[in-house]
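Visitor: Structure for this input, please:
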Amino acid sequence: MADTTGTGLPQALAIAWGLQEAPQRGPARGLTHARIVAAAIEIADAEGLGAVTMQAVAKSLGFTTMSLYRYVSGKDDLVRLMQDAALTSAEAVELPADWREALRTWAGTIRDAYRAHPWVLEIPRGQVSVLMPASVRAADLGLAALSGLTLADDEKIAAILLISQHVVSMVELERSLAAEGSPVVTPEGAEALRGVITPERFPHVGRLMADGGYVVNGESMAEAEGVDAEYDFGLDLLIAGLEALENRRRRT
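Guide: Numbering: from 1, shown residues only. Modelled structure (predicted):
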């Protein structure tokens, strides 16, 4: 990626960290990076990420598309800035003293941010995204939650990565279930499935099916169970694993 900022950084990173100032002269002086990003987020929240184009953002602001290009080189950089702005909830979080509760609080802030702007899940995560201010703040807060543990730095980074991936996967599942809407399997269909997914063929799943589990009858899975229980269970497992590792190391 060519350096167009004179900073050695991609443009989105330079803008996000305040290392590239907005143009001070020209016909679009009423624009700012913040205004452009806010307008783009408003479109994404209302219509989805696919509706965000340079033309749509410019129109919503009352400027020409060419005016936007004086501030942002293109949609890719704009999307990165949107991602950063949408995930800033970690900025004002106070962590509990207990590291376990601190991790749960930290994970909850990330979950809330993705739930508020689920289109962020469609943006690939990579080298640029992890260096954006919101990601750095979130990582710093996650490491703060783990600061009292004896884990090595690389292990702490791996731990917050695993927890954040759990959060993302649960939000993605929640979003998919909500999009699916009405149940795709009727009570009659569930009964038909129980005839082929039997304990004889599938000893473990078949037993769940025979007991009325695994397939939800008469309502969507999101309405019947949601993913809160799975989210909490997964987070508990990860925290329990960290606790077991910490206790084992303290004994040696």
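
Visitor: what ranges do the helices span in the stretch 101-250 of the chain?
Guide: 127-131, 133-145, 153-180, 187-196, 203-210, 221-224, 228-251 (DSSP state H, counting those that start in this stretch).

Visitor: nearest to residue 76, of the ones you listed?
Guide: helix 127-131 (9.4 Å; CB to CB). Every residue, glycine included, has its C-beta placed from N, CA and C.

Visitor: Report the mean per-residue pLDDT for the closest one.
Guide: For helix 127-131, mean pLDDT rounds to 91.

Visitor: Show me what that helix is packed up against.
Guide: helix 11-16, helix 75-86, helix 133-145 (3 or more CB pairs under 8 Å, 6 or more residues apart in numbering; DSSP states H and E).

Visitor: Contacts only, for the most centrally placed residue in the chain.
Guide: In the chain, the C-alpha nearest the mean C-alpha coordinate belongs to residue 114, at 4.3 Å (CA atoms, centre = their mean). If you count contacts by CB atoms under 8 Å, 6 or more residues apart in numbering, residue 114 has them with 87, 120-121, 167-168, 171.

Visitor: how far away is it from residue 146?
Guide: As for residue 114, its distance to residue 146 is 21 Å (criterion: CB to CB, to the nearest Å).

Visitor: now do residue 44
Guide: Relative to residue 146, residue 44 is positioned 32 Å away (CB to CB).

Visitor: ok, now residue 88?
Guide: Taken as CB to CB, the span from residue 88 to residue 146 is 21 Å.

Visitor: circling back to that earlier point, let's have the contacts of residue 114 in CSV, adding distance to residue 66.
Guide: Listed next are the contacts of residue 114 as CSV, based on distance: CB to CB, whole Å:
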residue, distance to residue 66
87, 29
120, 28
121, 31
167, 39
168, 36
171, 37
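
Visitor: Between residue 88 and residue 146, which is the more surrounded one?
Guide: Using other CB atoms under 10 Å as the criterion, residue 88 and residue 146 rank with residue 146 on top: 22 against 14.

Visitor: just checking, the more buried one touches residue 158?
Guide: No. Using CB atoms under 8 Å, residue 146 makes no contact with residue 158, being 10.6 Å away.

Visitor: For the stretch 51-200 of the chain, give me the ranges with low pLDDT.
Guide: Within the stretch 51-200 of the chain, the stretches with pLDDT under 70 are 89-91, 183.

Visitor: coming back round to it: so of the helices and strands packed on helix 127-131, which one's packed in deepest?
Guide: Among those, ranked by average contacts under mean count of other CB atoms under 10 Å, first place goes to helix 11-16 (a mean of 24).

Visitor: out of the helices and strands packed on helix 127-131, which comes closest to residue 186?
Guide: helix 75-86 (38.3 Å).
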